[in-house]
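[1] have a look; sequence and predicted model below, questions after that.
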Amino acid sequence: MHDMIAYAWLIPAFPFISFLLIGLGVRLYSQKLAGIIATLSIGASFACALTLAITYFGLAPDAEGLRPTLVPWSFIWVDYMEGLRVNLGILVDPISVLLMVVVTTVSLLVHLYSMGYMKGETGYGRYFTWLNLFTFSMLGLVVAPNIIQTYVFWELVGASSFLLIGYYYERGAAVAASKKAFIVTRFADLGFLLGIILLGYVGYPLYQGSGVEGQLFDYTYLTNPQNITALVGTGFLGISLLLIYMGAAGKSAMFPLHIWLPDAMEGPTPVSALIHAATMVVAGVYLVARLFPLFSTTPDVLEFVSYVGLFTCAFAAIIACTQDDIKRVLAFSTLSQLGYMMFALGLASMDQPLGYVASMFHLFTHAFFKALLFLGAGAIIHAVHSNDIWHMGGLKKLMPVTHLTFLIAVLAISGIWPFAGFFSKDEILLAALQGGKNIHFIGGLLVAGLTAFYMARIYFLSFWGSPRSKGSSHAHEAPLIMLIPLCVLAVLSLVGGWVPFSDYVTIGLTEHQGGHGSSIVPILGSLVAILGLGFSWFVYGRGESARSDAIAAKWGMVFGWIKNKFYMDEVYQFITHQMIFRFVATPIAWFDRNVVDGAVNLTGWLTRRASSIFTLIQTGQAQTYGVWFVVGTGVTLIMLWFTKG
């Protein structure tokens, strides 16, 4: 084993050590030093991850020569019984190495950017403490060799995001958003936990005496073809995977568990970039990909995954066309792109893995251009002091570097050649076409056009036309420390699609070969994207609202429904407050107060009444005690006399 693979544990170790150092001491003495140490620790993790990727992928000329390698932390383990030993460790395989590079790259750039963006903020050291914890949690999740470690770090990611979304805890909206994110994802994680329990319940009898190497919850065991066949025979695998997908849908904000993600924008903008571009929201996609050999044996579950992904993809894209908060537009954009990834996974199989490869490829490219979009939006907000795109305008000349990098990100996510999104988006559309899923192909094309439309809308209203507010009139370019990450991400958004991705991320799957439709897809995809960009220019190119107002008036109530996100938040409020609270929680609360508490209170009342009688005896007066002594002695003598008689 190569030394770098053996020391892969250093990648998550650096941010964890930094988290302890900053949280327990450094931030109390120097806020600036806290930011420097936090950033250097992620830099060290990035260097290790990049070295590991070069080493690992250099071991073989293609993916068939790359085998999973387990690097255990053998000094930390839980041993319940034979087969249920859970080792913490690092699983080195193509998709874990891919995600390690993505997480450390984006996190390093976000840390560097944050040193300028968060300068002067109260709690600067606290911010970098949580940011290091978040990065450690994400890395612990992607390198997990078993589903138990995944679940532990899955929950730690949820706790870290709760802390960062609620960073501005003095703002009511930020507190509400952090609680909303935490509660919705915890509800979904209940399904994840039940799925793991059911998987263990049906899998353990099969494991006993099988002589199979590894532990029951290890991914290498769960994805072994022989073991999969045995699990399928139990009849419970589909239910277990559906429950596990529930956790994935919550974390990746699939409909109807999407409501937490737009509100998560209440946190600092660099946090939004890390949540959307690294592993937080793509963790659900990663989990389905990690267990894909299991999912592939349950076509009904995969089909459900694909249709939920397709609906989320279109639903979020439609809403994004009407939002005015720049960060919320990007949030709904992330929802839409996550839907792309999920429906691509749902289209794949072990024999036709193009959807799987395309999903992972889009996860890879999306990380770069979505991080660039959020950090670019942060630079704009930093300059204009407003999130509203109608308060911007005319920033092209005032912020030339931000303008150019943001334009690259817009073209990349729109799927324009030669930018990264062109390649990964077309792979997803090709997977739909080759799989005979016309509804997915048509839906994917329409969403591609909508994506180009709403992203160009942000671009035109922010950078073209004349300044529409005092803030945009006095805007200036961001500091150099914020521009460096923008430029790096712009380069990655440009060249990321040219990586020979499918040469590596195909382990255990049949190698993808071209196929019918491979030439028509990029033509149609590009045409739809250009139409979306062109229509956006027609409506918003002047930086004015006249044409958009006319369209909104024409659509009337439909536009209102879209603008208000189809009133999904109001539906949840009604369900929770008017139905669950009134008809479920209120009766339970009455029973708790009057029956449970009543029984306890009755016990206390009886005890107090009994004690009040004894207070007549225990007066603290010697005369009273003397009387009771004489009376007691007399009564005792009389009883003895009668007993003797």
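    Received, thanks.

[2] list the buried residues for stretch 123-134?
    Y124, G125, R126, Y127, F128, T129, W130, L131, N132, L133, F134 (16 or more other Cβ atoms under 10 Å). Every C-beta, even on glycine, is put in place using the N, C-alpha and C of the backbone.

[3] can you check stretch 105-116 too?
    So stretch 105-116, judged by 16+ other Cβ under 10 Å, has buried residues T105, V106, S107, L108, L109, V110, H111, L112, Y113, S114, M115, G116.

[4] ok, now stretch 144-160?
    For stretch 144-160, by 16+ other Cβ under 10 Å, it's 144-158, 160.

[5] ok, which stretches of the stretch 251-400 of the chain are strands?
    Counting by DSSP state E, counting those that start in this stretch, the stretch 251-400 of the chain has no strands to list.

[6] can you give me the helices for it?
    Under the criterion DSSP state H, counting those that start in this stretch, the stretch 251-400 of the chain contains helices at 260-263, 269-277, 283-290, 292-295, 299-320, 326-347, 354-384, 395-398, 400-414.

[7] now the ones you listed in TSV, with distance to F441?
    Below are the helices of the stretch 251-400 of the chain laid out as TSV (distance: least, Cβ to Cβ, whole Å):
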stretch	distance to F441
helix 260-263	26
helix 269-277	26
helix 283-290	20
helix 292-295	21
helix 299-320	10
helix 326-347	10
helix 354-384	12
helix 395-398	36
helix 400-414	18
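
[8] and of those, who's closest to S252?
    Among these, helix 283-290 comes nearest to S252, with 3.0 Å by Cβ to Cβ.

[9] now H385. Nearest residue, chain neighbours left out?
    Nearest non-adjacent residue to H385, counting by Cβ to Cβ, 6 or more residues apart in numbering: G471, 4.7 Å away.

[10] how far away is the one you found from A379?
    13 Å (Cβ to Cβ, to the nearest Å).

[11] of these two, who's got more company?
    With neighbours defined as other Cβ atoms under 10 Å, G471 and A379 compare such that A379 has more, 29 against 17.

[12] hang on, that one packs against L398?
    No - contact criterion Cβ atoms under 8 Å: A379 and L398 do not qualify, at 11.3 Å.

[13] name all residues that sit in contact with these two at the same time.
    Overlap of the contact sets of A379 and L398 (by Cβ atoms under 8 Å, 6 or more residues apart in numbering) is empty.

[14] which residues touch the residue nearest to S252 when sequence neighbours are not counted?
    Take S252 and drop its neighbours on the chain: the residue closest to it by Cβ to Cβ, 6+ apart is G284, 3.0 Å away. With contact set as Cβ under 8 Å, 6+ apart, G284 has these partners: G247, A248, A249, G250, K251, S252, M254, L338, M342.

[15] from memory G125 sits against V26, does it?
    Yes - the pair G125 and V26 qualifies as a contact (Cβ under 8 Å) at a distance of 7.1 Å.

[16] what sits in contact with each of the two?
    Contacts common to G125 and V26, judged by Cβ under 8 Å, 6+ apart, are A34.

[17] wait, isn't I380 in contact with H391?
    No - applying Cβ under 8 Å as the test, I380 and H391 come out as separate, 10.1 Å apart.

[18] between the two, which one's more packed in?
    I380 (28 against 19).

[19] give me every residue that touches that one.
    I326, M392, L395, M399, T402, F406, S462, A475.

[20] from the residues you listed, which single one is nearest T607?
    Checking the contacts of I380 one by one against T607 (Cβ to Cβ), the nearest turns out to be I326, at 63.2 Å.

[21] would you mind listing where this structure has pLDDT under the threshold?
    1-3, 59-85, 206-214, 506-518, 617, 645 (pLDDT under 70).

[22] quick one: buried residues of the lengthiest helix in it?
    Assignment by DSSP state H gives helix 172-207 as the longest helix of the chain. Buried residues in helix 172-207, counted by 16+ other Cβ under 10 Å: 174, 177-178, 180-182, 184-186, 188-189, 191-196, 198-200, 202-203, 206-207.

[23] backbone dihedrals for the residue lying closest to G394 once chain neighbours are set aside, please?
    The spatially closest residue to G394, leaving aside those adjacent along the chain, is P467, at 4.1 Å (Cβ to Cβ, 6+ apart). P467 adopts backbone torsions of phi -60, psi 130, taken as degrees, to the nearest 10.

[24] quick check: the gap between P467 and I17.
    P467 is 46 Å from I17, by Cβ to Cβ.

[25] for H111, same thing?
    Following Cβ to Cβ, the distance that separates H111 from I17 is 15 Å.

[26] check G556 too.
    Applying Cβ to Cβ to G556 and I17 gives a distance of 58 Å.

[27] these two: which has the busier surroundings?
    I17 (16 against 9).

[28] so that one sits right up against S41, yeah?
    Yes - with contact defined as Cβ under 8 Å, I17 counts as touching S41 (6.9 Å).

[29] what's near enough to touch M341?
    Applying Cβ under 8 Å, 6+ apart to M341 gives the contacts S252, V282, V285, G309, S359, H362, L363, H366, I428.

[30] and the residue lying closest to H476 once chain neighbours are set aside, how far is that from L480?
    Leaving aside its sequence neighbours, H476 sits nearest to A383 (Cβ to Cβ, 6+ apart; 5.9 Å). Separation of A383 from L480 (Cβ to Cβ): 14 Å.

[31] the two: which is more packed in?
    It is A383, of A383 and L480, that has more neighbours when counted by other Cβ under 10 Å, with 20 against 10.

[32] I228: how many residues sit nearby?
    I228, neighbours per other Cβ under 10 Å, totals 17.

[33] element containing it?
    Counting by DSSP states H and E, the element that carries I228 is helix 225-232.

[34] for that helix, buried residues please.
    N227, I228, A230, L231.

[35] ok, now stretch 401-415?
    For stretch 401-415, by 16+ other Cβ under 10 Å, it's 401-403, 405-415.

[36] ditto for stretch 24-42
    Buried residues in stretch 24-42 (16+ other Cβ under 10 Å): V26, R27, Q31, A34, G35, I37, A38, T39, S41, I42.

[37] now do the contacts for the fifth one.
    G35 makes contacts with H111, S114, M115, M118, Y124, G125, F128, as judged by Cβ under 8 Å, 6+ apart.

[38] got those residues as JSON lines, with secondary structure and distance to S240 columns?
    Formatted as JSON lines, those follow (DSSP: H, G, I helix; E, B strand; the rest coil; distance: Cβ to Cβ, whole Å):
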{"residue": "H111", "secondary structure": "helix", "distance to S240": "38"}
{"residue": "S114", "secondary structure": "helix", "distance to S240": "40"}
{"residue": "M115", "secondary structure": "helix", "distance to S240": "45"}
{"residue": "M118", "secondary structure": "coil", "distance to S240": "43"}
{"residue": "Y124", "secondary structure": "helix", "distance to S240": "45"}
{"residue": "G125", "secondary structure": "helix", "distance to S240": "43"}
{"residue": "F128", "secondary structure": "helix", "distance to S240": "39"}
